[in-house]
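> I would like the atomic coordinates for the input below:
(4 chains)
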There are 2 protein chains.
Amino acid sequence: MTTERIIKNISQYIPLDQAEIDFLASVLIPRPFKQGELIVKSGEPARYMIFVDEGYLMTYYTDINGADHVIALTGEGWWSGDIHSFSEQYVTRYSTKALSAGEALLLPKPAQEQLLEAYPKFERYFRIIFQRGLMRQQLRYIEGHSTSAEERYRSFIRAYPDIARRVPQKYIASYLGITPEFLSKIRRKVATSKS
Amino acid sequence: MTTERIIKNISQYIPLDQAEIDFLASVLIPRPFKQGELIVKSGEPARYMIFVDEGYLMTYYTDINGADHVIALTGEGWWSGDIHSFSEQYVTRYSTKALSAGEALLLPKPAQEQLLEAYPKFERYFRIIFQRGLMRQQLRYIEGHSTSAEERYRSFIRAYPDIARRVPQKYIASYLGITPEFLSKIRRKVATSKS
DNA sequence: CGTCTATTTGAATGTACTCAAAAGCGGTGG
DNA sequence: CCACCGCTTTTGAGTACATTCAAATAGACG
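Predicted coordinates for the structure are as follows:
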């Protein structure tokens, strides 16, 4: 069953009965993707929340100079960091792109509204998801300004070894807020100090 | 009425009837504070959410070197950025301090649980609050790494002129992720270029 | 008024960036 | 299967933004 992982995830936070599971399964849209594919393009209207069932996604923002900035790297079992694609605003300023082949589950906005109306306890689930996301993000900001790029990189590979292995370095650099060139220099240093 | 502002805030997101207003008013604890007072100390158990009714608070984190890092500056009509004080974890790593005299409204954890149980639509309110907080925080991170300190400062005083006027510079510097010395130099530059 | 803390100023330093070029790597077509 | 192409990663030199340290000045509060 393709919705197994998301059900398991949600069950960690709120107990689900069969009716709820069935409803959820009926509104989620499986969305397979291949490497390099754009799932959400910036400038599109806000449409759905994205749960990564398999593979890796990244969400990025293109600034006025045309430079991309990665705001989130999303692995299996997580909601895509692109919550903007689902906010009150009509269009996103963010794009979401596949970094590998895999499959996402899309929760369209109208479906989410039905879900929340029929089973209000899902509000609780999303509240917890956003609350945790906010806490992680605050921590990330502090680390971004109180630790060196090298420490951030070390901490990143410790926290997300799977992502570190499978995502091109230039995106990791962007996620860490540094240039790819500088990340390369850090890696050389880290490699020599370890062996 | 001391709960007027918070009721107004919540009503922006979910309609409230009199019973809900009364319940809310009955569980909120007014907490006057004077300048410099610590509302939440790091290491304390997680206890309540904090709504700033009047005045200014800041939430900060003390790193292993003993340096403080401001993660949020909170003005009137906002929830304190210290959502950690209310998370699943037993103790906070953050402190919340008054930057002026004023009054906060405390929503104790057990009261919030009752509130959510009695009136589940409050889950929706908190979900929206956290969702917006997360979006702001993501934006802040991007700006922190794609713009210069000077731009961030200009953008800060545009977005929060009241806070910029009333909060000591060293905290603003910390919030922006720079040293007080460097902020001082930026201010000199900004001042001369404006006049 | 005096003390304590915050802010400003300056000089020296460092971390991370830019630009340029070379090397590595993966895919595709001949 | 190999050669070529495009893209990513590495390397190096020069530079800039922001830091650290130290000291002077200004401001706030009892």
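
> I'd say residue A:174 and residue A:61 touch.
No: the criterion here is CB atoms under 8 Å, and residue A:174 misses it with residue A:61 at 9.8 Å. C-betas here are computed from N, CA, C, even on glycine.

> which residues do the two both contact?
A:68-69 (CB atoms under 8 Å, 6 or more residues apart in numbering or on different chains).

> Make sure residue A:68 is actually in contact with residue A:61.
Yes: when contacts are counted by CB under 8 Å, residue A:68 is listed as touching residue A:61 (7.2 Å).

> More neighbours: these two, which one.
residue A:61 (22 against 16; other CB atoms under 10 Å in any protein chain shown).

> What does that one show for phi and psi?
Here is the backbone geometry of residue A:61 (degrees, to the nearest 10): phi -130, psi 130.

> One more: residue A:190?
Main-chain torsions, residue A:190, degrees, to the nearest 10: phi -60, psi -40.

> swap in residue A:72?
Note on residue A:72: its backbone torsions stand at phi -160, psi 140 [degrees, to the nearest 10].

> Pull the number of nearby residues for the nearest residue to it once chain neighbours are set aside.
Using CB to CB, 6 or more residues apart in numbering or on different chains and skipping residues adjacent in sequence, the residue nearest residue A:72 is residue A:81, 2.4 Å away. With neighbours defined by other CB under 10 Å, the count for residue A:81 comes to 24.

> How about residue A:18?
By other CB under 10 Å, the residues close to residue A:18 number 7.

> returning to what we had before: in which helix or strand would I find the residue nearest to residue A:72?
Here residue A:81 sits in a region with no helix or strand, counting by DSSP states H and E.

> give the contact list for it.
A:59, A:71-74, A:133, B:138.

> separation between it and residue B:189?
Separation of residue A:81 from residue B:189 (CB to CB, to the nearest Å): 35 Å.

> Any regions of chain A where pLDDT drops low?
A:1, A:88-89, A:194-195 (pLDDT under 70).

> Please enumerate the strands of it.
Remark: strands assigned in chain A by DSSP state E are A:29-33, A:38-40, A:48-54, A:57-62, A:68-74, A:94-98, A:102-108.

> Any chance of those strands in CSV with distance to residue B:46 as columns?
Formatted as CSV, the strands of chain A follow (distance: least, CB to CB, whole Å):
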stretch, distance to residue B:46
strand A:29-33, 37
strand A:38-40, 35
strand A:48-54, 27
strand A:57-62, 30
strand A:68-74, 26
strand A:94-98, 32
strand A:102-108, 30
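
> Out of these, which is closest to residue B:127?
Each of those has some distance to residue B:127 by CB to CB; the shortest is strand A:48-54, at 12.2 Å.

> Between strand A:57-62 and the closest one, find me the angle.
Orientation of strand A:48-54 against strand A:57-62 (axes from the mean of the first three to the mean of the last three CA atoms, to 10 degrees) gives an angle of 140 degrees.

> Does anything pack onto strand A:48-54? Which helices or strands?
Judged by 3 or more CB pairs under 8 Å, 6 or more residues apart in numbering or on different chains; DSSP states H and E, the packing partners of strand A:48-54 are helix A:4-11, strand A:29-33, strand A:102-108, helix A:109-118.

> what does chain A put close to DNA strand C?
Counting by CB under 7 Å from any atom of the strand, chain A comes close to DNA strand C at A:148-150, A:177-179, A:181-182.

> Intersect those residues with the contacts of DNA strand D.
residue A:181.
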